[in-house]
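Trainee: dropping the sequence and predicted coords here.
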Amino acid sequence: MVAMSAARWTAPEGAWTEPDLHLFPQDGHRYEIVDGCLHVAPTPPESHESVVRSVVTTLRSAAPPGWWVCDRLGVAIGESNLVADVAVLRPRSSGAVWSDPRDVALVVEVETSATRRFDRFLKPSLYAEAGIPSFWRVEPGPATPLLRTFELAGDAYRAEHSIEGAEPVKLDAPFPLRIAPAAWL
């Protein structure tokens, strides 16, 4: 019988940085850095992953040529390294492992009970500070997911739409598309 040992690592002397994220296993947890501090979220439930896949499919089917729709894309914002559930990159983006916020047209966070505060307060403030023009948050609803859309207004996001149900709603950002969150179940 082979004994399995846990991976060993030590915390950095100072702030956490992007290279430190490579110390962690690909175990489903979300490892992110906010202002040099490590944040770890538990592995999301399958219902979260299903909604992420559906949002990606919806956005990809409407994306004009040259636009990229990615899940779990890293965004480097100063001393922070965030991983968005879904990100839309503009044409001719750098293609770097950690995207420059100037390349990002939209970030989407699909909240869970473990990420609710992070997805509602901290991440949107960092995305807005970085100048990302559009932010969407998908919340669990009583019958279908609830999509809340936000657009950058100065240095903060302004609420635009609250969308739920099966009736498609037309949105213009990051590109024209029709959204029906009930289809994401």
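Mentor: Now that the structure is in, tell me what you want to look at. All values derive from a computational prediction rather than experimental measurement.
Trainee: who's in contact with A76?
Mentor: Neighbouring residues of A76 by Cβ atoms under 8 Å, 6 or more residues apart in numbering: 18, 98-101. Using the backbone N, CA and C atoms, a C-beta is placed for each residue, glycine as well.
Trainee: give me the beta-bridge partners of it?
Mentor: Assessed by DSSP bridges, A76 has beta-bridge partners N81.
Trainee: so which of the contacts of A76 is the most crowded?
Mentor: Most neighbours among the contacts of A76, by other Cβ atoms under 10 Å: S99, with 23 neighbours.
Trainee: residues touching the closest residue to that residue other than its chain neighbours, list them.
Mentor: Computed as Cβ to Cβ, 6 or more residues apart in numbering, the closest residue to S99 that is not its neighbour in sequence is V75, at 5.2 Å. By Cβ under 8 Å, 6+ apart, the residues touching V75 are 81-84, 87, 98-99, 101, 104, 107, 127, 130, 132.
Trainee: try it again with 6 Å
Mentor: By Cβ atoms under 6 Å, 6 or more residues apart in numbering, the contact set of V75 is 82, 99, 101.
Trainee: okay if I get the residues you listed as a markdown table plus pLDDT and distance to A114?
Mentor: Shown next, in a markdown table, are these (pLDDT from 0 to 100; distance: Cβ to Cβ, whole Å):
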| residue | pLDDT | distance to A114 |
| --- | --- | --- |
| L82 | 98 | 16 |
| S99 | 96 | 24 |
| P101 | 97 | 25 |
